[in-house]
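> have a look at this fold, sequence not included:
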């Protein structure tokens, strides 16, 4: 089940500026442990799903996982061998811009060691630098 919007106002959108620091969504809200992005960048729906599956598999479906990001932005690509010009390419999937400091995943109901290892494995699926955070460290 790959995440994508049910409907959207425009078929293709501009990417915009994704090099900023998160002004909201940078603290844990639901779980005890989280995975925080340290870089800005673009993350695809496939990468989110791959990381989610890795976390679920390692925790043996124990605990509860929250995905704090959603791929709402259509990503376009021109076909191979197409010359320059002639407009924007076709939509091939959805992604989400990630700002530095935003929380990507949260988990509760598992031990710290299990959460840390699950997030370490998931970090290999994510194209950004990430950091393990705990609820106690926030305040």
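That came through, no problem. Quantities reported herein were computed from a predicted structural model and do not represent experimental measurements. Numbering: from 1, shown residues only.
> the top strand by length along the chain: what's the following helix or strand?
Criterion DSSP state E: the longest strand present in the chain is strand 90-98. Helices and strands here follow DSSP states H and E; after strand 90-98, the next one along the chain is strand 103-108.
> got the buried residues for the next helix or strand after that next one?
Toward the C-terminal end, the helix or strand that comes next after strand 103-108 (DSSP H and E) is helix 112-123. Judged by neighbour count (16 or more other Cβ atoms under 10 Å), helix 112-123 contains these buried residues: 114, 115, 117, 118, 119, 122, 123. C-beta here means a position set from N, CA and C on the backbone, and glycine is covered the same way.
> quick one: the residue nearest to the fifth one when sequence neighbours are not counted from residue 82, how far?
Among residues not flanking residue 119 along the chain, residue 35 sits closest, at 4.7 Å (Cβ to Cβ, 6 or more residues apart in numbering). Note on residue 35: its distance to residue 82, by Cβ to Cβ, to the nearest Å, is 37 Å.
> hmm, back to that, any chance of the buried residues of helix 112-123 in JSON lines, plus distance to residue 10 and pLDDT?
Supplementary listing: the buried residues of helix 112-123 in JSON lines, determined by distance: Cβ to Cβ, whole Å; pLDDT from 0 to 100:
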{"residue": "114", "distance to residue 10": "42", "pLDDT": "97"}
{"residue": "115", "distance to residue 10": "38", "pLDDT": "97"}
{"residue": "117", "distance to residue 10": "41", "pLDDT": "97"}
{"residue": "118", "distance to residue 10": "36", "pLDDT": "97"}
{"residue": "119", "distance to residue 10": "34", "pLDDT": "97"}
{"residue": "122", "distance to residue 10": "31", "pLDDT": "97"}
{"residue": "123", "distance to residue 10": "33", "pLDDT": "97"}
